[in-house]
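J.: generate coordinates for the sequence data below:
(chains A, B and C)
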Amino acid sequence: MLPPAFYLQPTLRVARLLLGKILVHRRRGAVTAGRIVEVEAYRGPDDRAAHTAGGRRTPRNEVMWGPGGRLYVYFTYGMHYCCNVVTRTAGSPEAVLVRALEPLVGIPLMRRRRAGGGAHTTDALTRGPGNVCRAMGIDRRVNGADLCAGPIVILQAPRVRPVDIVASTRIGVAYAGPDALLPWRFSVRGSTAVSRPPR
DNA sequence: GACCGGATTGGC
DNA sequence: CCAATCCGGTCC
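T.: Model (predicted):
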């Protein structure tokens, strides 16, 4: 399991290091897990794309203001959850959005949780941030959960070599003006689970 | 209390 | 391209 200090590092560094790591959710014996292959960094008050842009502090983003190592889950578009790994120390409201996994454990359970939207390939089960949360059973109940305690943890795994990390612009943040151009989306080169081809 | 729009998804 | 579908954030 990744140690608490891991999450206190600079957010862009944590984002890159999270690639290849294993996100695990254990709930009442039901285990799902996947290899992280796509993330985005959201870096505090100066990042106009972040929920904490301009120093905004609200009930929704309160977890981002706390210490690194917790899960920030929010509900959006009236139907989807997105999950983030909070980084840095309390008072620095930064986080890394998990956008895609390669399913590893509990694939039949993921498929059941995703049922209703037709058939999916294994990779498609956890492709895109809303789908990651759906397949992994992540919702508002685990907002603020300590990633060093469970029910959701992140396991150490061989790092992805820098040459195999692709940086590109973040998805769906056109409202952020110039900050929409920052290359703060990171994905594993060649992974077929990545949500959209890097630009 | 109103109004606007979203760190998305899937279907046409 | 666009509808789905609720909440959060903001301002009155």
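J.: could you check how far stretch A:23-31 is from the centre of its chain?
T.: 17 Å (CA atoms, centre = their mean, to the nearest Å).
J.: can you pull the buried residues of that stretch?
T.: Within stretch A:23-31, the residues scored as buried using 16 or more other CB atoms under 10 Å are A:23, A:24, A:25, A:27. Using the backbone N, CA and C atoms, a C-beta is placed for each residue, glycine as well.
J.: just send those residues back as TSV, with secondary structure, pLDDT and distance to DNA strand B too.
T.: Formatted as TSV, those follow (DSSP: H, G, I helix; E, B strand; the rest coil; pLDDT from 0 to 100; distance: CB to the nearest atom of the strand, whole Å):
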residue	secondary structure	pLDDT	distance to DNA strand B
A:23	strand	98	15
A:24	strand	98	20
A:25	strand	98	17
A:27	strand	92	21
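J.: count the residues that sit near residue A:48.
T.: 15 (other CB atoms under 10 Å).
J.: looking at the buried residues of stretch A:23-31, which is nearest residue A:175?
T.: residue A:23 (27.6 Å; CB to CB).
J.: which bits of chain A sit near DNA strand B?
T.: With CB under 7 Å from any atom of the strand as the criterion, chain A meets DNA strand B at residues A:40, A:42, A:49-52, A:61, A:64, A:72, A:76-80, A:82, A:84, A:95, A:97, A:114, A:117-118, A:127-132, A:170-173, A:175, A:195.
J.: what ranges do the strands span in chain A?
T.: A:22-27, A:30-43, A:71-76, A:80-87, A:94-105, A:152-155, A:165-168, A:185-188 (DSSP state E).
J.: near DNA strand C, anything from the third one?
T.: Same thing as strand A:71-76. Yes: using CB under 7 Å from any atom of the strand, strand A:71-76 reaches DNA strand C at residue A:75.
J.: which one of the strands of chain A lies nearest to residue A:9?
T.: Per CB to CB, nearest to residue A:9 of those: strand A:80-87, 7.1 Å.
J.: so what does that closest one touch, helix or strand wise?
T.: With contacts defined as 3 or more CB pairs under 8 Å, 6 or more residues apart in numbering; DSSP states H and E, strand A:80-87 has these neighbours: helix A:11-18, helix A:62-65, strand A:71-76, strand A:94-105, helix A:129-136.
J.: what residue in chain A comes nearest to DNA strand C?
T.: Closest approach between chain A and DNA strand C, counting by CB to the nearest atom of the strand: residue A:78, at 2.5 Å.
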